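Participant: I need the structure of the sequence given here:
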Amino acid sequence: MAVKKKTEYPKIKIKLVKSLIGRSDRQQATVKGLGLRKINSEVIREKRPEILGMIRKIEFMLQVEEVGNDQSK
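Facilitator: Modelled structure (predicted):
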C-alpha cells in the first residue's frame, strides 16, 4: 500500500469585520463554518480550495491576509 504524502498548505488569517445581523442563513452558516463568531474574531486556516470557496462567498464581510508559518498557532 502506498503512503500518501500530506500536502502542506500555506496559512491565511481570516477576520470577520461586518455584522451577521440581516444576513441570510447560508451566509451565517458559512461564517460559522469558518470558525468565526463575533465581529473582529480571527482564525488561522490552511489555504485549501474548500476554505477559499467559503471566503469567496462572503468576502465582503471578511478581511483576509497571508500568514507566515512562524505566526501560525
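
Participant: burial of the residue nearest to residue 35 when sequence neighbours are not counted, as a residue count?
Facilitator: Excluding its sequence neighbours, the residue lying closest to residue 35 (C-beta to C-beta, 6 or more residues apart in numbering) is residue 43, at 4.4 Å. To be clear about C-beta, it is placed using only N, CA and C from the backbone, and glycine gets the same treatment. Close neighbours of residue 43, defined as other C-beta atoms under 10 Å, add up to 15.

Participant: beta-bridge partners for residue 43, please?
Facilitator: residue 14 (DSSP bridges).

Participant: who's in contact with it?
Facilitator: Taking C-beta atoms under 8 Å, 6 or more residues apart in numbering as the contact definition, residue 43 lies against 13-14, 34-36.

Participant: report the buried residues of the strand or helix carrying residue 45.
Facilitator: Per DSSP states H and E, residue 45 falls inside strand 42-46. By neighbour count on 16 or more other C-beta atoms under 10 Å, the buried set for strand 42-46 is residue 45.

Participant: how far out from the middle of the chain is that strand?
Facilitator: Mean-position distance between strand 42-46 and its chain equals 5 Å (C-alpha atoms, centre = their mean, to the nearest Å).

Participant: thinking again about what came up before, gap between the residue nearest to residue 35 and residue 12?
Facilitator: According to C-beta to C-beta, to the nearest Å, residue 43 stands 9 Å off from residue 12.

Participant: just to revisit the earlier point, can you pick the most crowded of the contacts of residue 43?
Facilitator: Going by other C-beta under 10 Å, residue 14 tops the contacts of residue 43 with 22 neighbours.

Participant: residues touching it, list them.
Facilitator: Contacts of residue 14 (C-beta under 8 Å, 6+ apart): 34, 36, 42-45, 55, 62-64.
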